[in-house]
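Trainee: model this:
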Amino acid sequence: MPYVDEIENMYFGDNVGTDINPHGTCGILASSMMLTYYDRFINNNFLPKNLELVKHYDDTLHEELINNYQVGATLGGSFPSDDAQLLNLYIGQNGYIRNGGYQANSSLISTQGLIQSIIEGRPGLIYTVFNEKYEKHTMLAYGYKLENGIGKFKIHTGWHDRDLNTIYCQREGSGDICDHTNGPWIDSGLLLIGGSTWLEKYEQHNHDFSEWMGVSDIGDRPLMKCKICDLLTEDDYPNNMQYSIMMDYDTTTSGKINYSGDVDWFKIDAPYKGGYTVRTVGKNMGNGTMYLNLYSEKGNLIHSWQGGDTNKYLVLEKGVYYLRVASSLVTADYTVEIGKSEEDQVGDTLADATELKFDTLVEEKINYSGDADWFKIDAPYKGGYTVRTVGKNMGNGTMYLNLYSEKGNLIHSWQGGDTNKYLVLEKGVYYLRVASSLVTADYTVEIGKSEEDQVGDTLVDATELKFDTLVEAKINYSGDADWFKIDVPYKGGYTVRTVGKNMGNGTMYLNLYSEKGNLIYYWQGGDTNKYLVLEKGVYYLRVASSLVTVNYTVEIRKEEDVK
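Mentor: Reported below is the predicted structural model:
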C-alpha cells in the first residue's frame, strides 16, 4: 500500500485545477481522484485506458459513469449517499474486472469509517454540507493523524496552490492573512464535517445482484444491488420478474448473462390467443446451455426449455407472461426474439363462435397448433344443408370437422383434405368446429341449404291435397317426405297419380294412412297411378323417393260413388 506522499505526488499532480475548480464541481473532482486511486492500487490497474491520464482529473471519469453506468444522482455538490452509490456501481460493474472485497459506505456526521479507511490506505471523501460558514464542498481525504489529541485529515481541496485554510478565511470575509502553517493537514474540528464516504472491506461472497434499485433516466437500464452487500451493477435486463422489460414483437433483442447467477427477465404482452415463437441464439456458447422459463402473470411456471439455440413454439392465451433467461455459463451473450401468429378472426370456442352465413365462401386459417375455428349456423327450417371445405396447400394434412347442437352435443363428425358433407338438420342453431392436423392451414368453408319445404313433413302438419288439382312438389333432401291430408267426402273410388321428373332409375314411395295413422296402402314406381276404394273420412298420403332430391307432381281424383 503506498504512502500518503506517494498518493499526492503520483495522482494529484500539479495540473489538478489551476483555477478555482475549473474542470467541474468539487464532487466530480474528489470522486474522480478517489476512483482513480481505487483502480490503481486495489483494482490492479483495470481502469479503462481512456481514463488513465494521470494529471487530468476533470469530469471525464464521472461523465463515463453517468453516461454508461446510468447513475441518476447529480454529482455536483454531492451528498455522501450519492457518491457511495456511484462508487458501488463502479466497483460492482461487471464490464471491468473488479478485485472483490471492497464496497463504499457513507455516513452523516460520523467519521470513524472514513478514518479507518484512510488508516488502511484507502482515501475517502469529506463533505462540509453542514458548515454554513464554508457552505458546501466535497474534498478528498487521504491521510489521518492524531496530533496533541486532535484529529487531523490530510486533504486535497480540489484547487492547486490553495488549501482549505485560505479558502476558509476568504469565505469568512475578514480580510486577515490566514495561517498557512498547517499546510494540507486540517483539524477535523475546523472542517465541521457534515458527512463522509469511504471504502471498506466486506466478507468475501458471490454477489447476488437481484435487488432492484430502479431504472436510470439514460438508456432505461436497470440498477441492481447485491442482496448481501451494497455493491451495485448496471444490468442489461432486470433480475426480478417484477421489473421485467417489455419485449417488442419481431424485434431481435441483444442480452447478456453478466455474471454467475445472473438472469434476465422479459415481459410479454400476448394481445390475443394464438401461437407465439420464442427464439434465442447464444453467441460463442461452446458447450454452454441457455435455460428459459415462461411464467404466467401470477408467477406460475408454464413452460421450460433449454439449448444453445432455441426455437420454442407456444400456444398462449391473451394476457401477460414473463420470460426468464439464464445460462450454464458465467457470462453469455445472446439474442432473443418473439414472434406471433396472425390474430384469429374466428371464435375459438362454441361460446364465441362466428356466424357462418349461407351460400357465402369464407376464407379462414388455422393459426397455430391446437387452434380450432368455431362457426355458428342458424338453420331457418328443416332441410338439407351441405358444408364444403377446401384446404389450401394441405399436402398430407387433414381437416377435422364436428357439428354440435345448440346445447353442445356432438351430432356429426367428418374429415378430409377437402370435404363436402350433406346434413339433414332440423330448424335451429348449430355449431361447426373446424380443426386441422397441420400447425397452420388456410382453408375455405361454405354452407348451402336446400329449398324450404312447402309441404308438411309429418302427419300432424300435413298439407291439404285438394281433389282434381295438380300439385307440384319436391323431395328437398335425403330422407325428406311430404305429407298430404285428404278429406274424402263419401265412400267411393279415388285415383292417386304421381309423376316424377328426371327420375332416371329413381323410385317414388307412397303410403296411405288412416286418420289414426294406421297404414292402409303402399305402392311405388317412377310414375304411379293408384286406384283406391275409400270410406268417407280423413286420410294421409306420404310421398318419398329413393333420390336425394326430386321434383314431382301429385293429384287425386274422385272416380265414382260406391253404393
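
Trainee: run through the neighbouring helices and strands of the strand or helix carrying residue 198.
Mentor: Under the criterion DSSP states H and E, the helix or strand holding residue 198 is strand 195-201. Identification of packing neighbours for strand 195-201 by 3 or more C-beta pairs under 8 Å, 6 or more residues apart in numbering; DSSP states H and E yields helix 80-92, strand 102-108, helix 112-119, strand 124-127. Yep, even glycine has a C-beta here, placed from its N, CA and C like the rest.

Trainee: make it 10 Å
Mentor: Secondary-structure packing of strand 195-201 (3 or more C-beta pairs under 10 Å, 6 or more residues apart in numbering; DSSP states H and E): helix 26-37, helix 80-92, strand 102-108, helix 112-119, strand 124-127, strand 138-147.

Trainee: kindly indicate whether the most centrally placed residue in the chain is helix, strand or coil.
Mentor: Nearest to the mean C-alpha position of the chain, counting by C-alpha atoms, centre = their mean, stands residue 268 at 1.7 Å. Taking DSSP: H, G, I helix; E, B strand; the rest coil as the rule, one finds residue 268 in the strand state.

Trainee: surely it is in contact with residue 339?
Mentor: No. If you go by C-beta atoms under 10 Å, residue 268 and residue 339 don't touch, sitting 11.3 Å apart.

Trainee: give the residues shared as contacts by the two.
Mentor: Overlap between the contact sets of residue 268 and residue 339, as judged by C-beta atoms under 10 Å, 6 or more residues apart in numbering, is given by 249, 276, 278.

Trainee: for PyMOL, write the selection for the buried entries among those.
Mentor: A single PyMOL command selects the buried members of the shared contacts of residue 268 and residue 339 (16 or more other C-beta atoms under 10 Å):
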select buried, resi 276+278
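
Trainee: of the shared contacts of residue 268 and residue 339, closest to residue 285?
Mentor: Distances from residue 285 to the shared contacts of residue 268 and residue 339, taken as C-beta to C-beta, are shortest for residue 278 (16.9 Å).

Trainee: gap between the closest residue to the closest one other than its chain neighbours and residue 275?
Mentor: In space, not counting the residues next to it along the chain, residue 278 is nearest to residue 312; the distance is 4.7 Å by C-beta to C-beta, 6 or more residues apart in numbering. Distance of residue 312 to residue 275, given as C-beta to C-beta, to the nearest Å: 11 Å.

Trainee: ok, now residue 491?
Mentor: Residue 491 sits 75 Å away from residue 275, going by C-beta to C-beta.

Trainee: more neighbours: which of the two?
Mentor: Just comparing residue 491 and residue 275: by other C-beta atoms under 10 Å the higher neighbour count belongs to residue 275, 21 against 13.

Trainee: that one: helix or strand, and which one exactly?
Mentor: Since the elements are taken from DSSP H and E, residue 275 ends up inside strand 274-283.

Trainee: among the helices and strands packed on strand 195-201, which comes closest to residue 538?
Mentor: Put simply, out of these the one that sits nearest residue 538 is helix 80-92, at 100.5 Å, with distance taken as C-beta to C-beta.

Trainee: average pLDDT across that closest one?
Mentor: Averaged over helix 80-92, pLDDT sits at 72.

Trainee: who does it touch, helix- and strand-wise?
Mentor: Using 3+ C-beta pairs under 10 Å, 6+ apart as the contact criterion, the secondary-structure elements in contact with helix 80-92 are helix 26-37, helix 60-69, strand 102-108, strand 124-127, strand 195-201, strand 209-215, strand 222-226, strand 232-234.

Trainee: try 6 Å this time
Mentor: Here helix 80-92 touches strand 102-108, strand 195-201, strand 232-234, going by 3 or more C-beta pairs under 6 Å, 6 or more residues apart in numbering; DSSP states H and E.

Trainee: buried deepest among the ones you listed, which one?
Mentor: Greatest average neighbour count among these goes to strand 232-234 (a mean of 26), per mean count of other C-beta atoms under 10 Å.

Trainee: how many neighbours does residue 286 have?
Mentor: Residue 286 has 9 neighbours, counted by other C-beta under 10 Å.

Trainee: nope, residue 444 is what I meant
Mentor: Neighbouring residues of residue 444 were enumerated by other C-beta under 10 Å; the total is 14.

Trainee: surely it and residue 365 touch.
Mentor: No. If you go by C-beta atoms under 6 Å, residue 444 and residue 365 don't touch, sitting 10.3 Å apart.

Trainee: for residue 283, which non-adjacent residue is closest in space?
Mentor: Counting by C-beta to C-beta, 6+ apart, the nearest residue to residue 283 once its immediate chain neighbours are dropped is residue 333, at 4.2 Å.

Trainee: and the longest strand anywhere in the chain, what's buried?
Mentor: Using DSSP state E to assign secondary structure, the strand with the most residues in the chain is strand 550-561. Neighbour counts over strand 550-561 (16+ other C-beta under 10 Å) mark 550-552, 554-556 as buried.

Trainee: and the average pLDDT for it is what?
Mentor: Within the predicted structure, the mean pLDDT of strand 550-561 is 89.
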